[in-house]
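1. build the 3D model from these lines:
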Amino acid sequence: MNDNSYDTLSQALNGLKQRGYTEDFNLKENCIVCTTKPMELKPEEFEVDEVHRFEGMSNPDDNSVVYAISSSRGVKGVLVDAYGAYAEAITPEMAQKLRA
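-> Prediction:
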């Protein structure tokens with residue numbers, strides 16, 4: 001899916017930003033929202049271009065995932081979420097889009 005590998009969450013965020021993923025997205029139950037623009041994207045309105053997973057070295061519960069997302073509206077950004085036991089509760093459509 002991608003040729004880029006990152007060792008840390010901050011490296012991933014910086015690298016993706018340099019490659020044009022400049023917006024920050026937040027996860028809601030049935031969509032993602034852009035933090036700087038009044039925009040909600042349903043699963044059919046965006047693509048997950050890359051996924052990067054990170055596990056905390058000192059705490060196995062400290063797991064995160066970074067999604068590089070491009071939208072049908074021309075907006076590109078990142079979504080950072082927990083995974084495992086602390087992952088957000090989302091609709092099956094969102095789960096399929098993000099976990100596929």
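
2. return the distance of the longest helix anywhere in the chain from the chain's centre.
-> The residue-count maximum for a helix in the chain (DSSP state H) belongs to helix 9-18. Chain-centre distance of helix 9-18: 12 Å, with C-alpha atoms, centre = their mean, to the nearest Å.

3. what pLDDT, on average, does it get?
-> Helix 9-18 comes out with an average pLDDT of 95.

4. what is that helix packed up against?
-> Contacts defined by 3 or more C-beta pairs under 8 Å, 6 or more residues apart in numbering; DSSP states H and E place helix 9-18 against strand 46-55, strand 63-71, strand 76-82. Heads up, the C-betas are built off the backbone N, CA and C, glycines and all.

5. what comes up buried for that helix?
-> Under the neighbour-count criterion of 16 or more other C-beta atoms under 10 Å, helix 9-18 has Leu9, Ala12, Leu13, Gly15, Leu16 buried.
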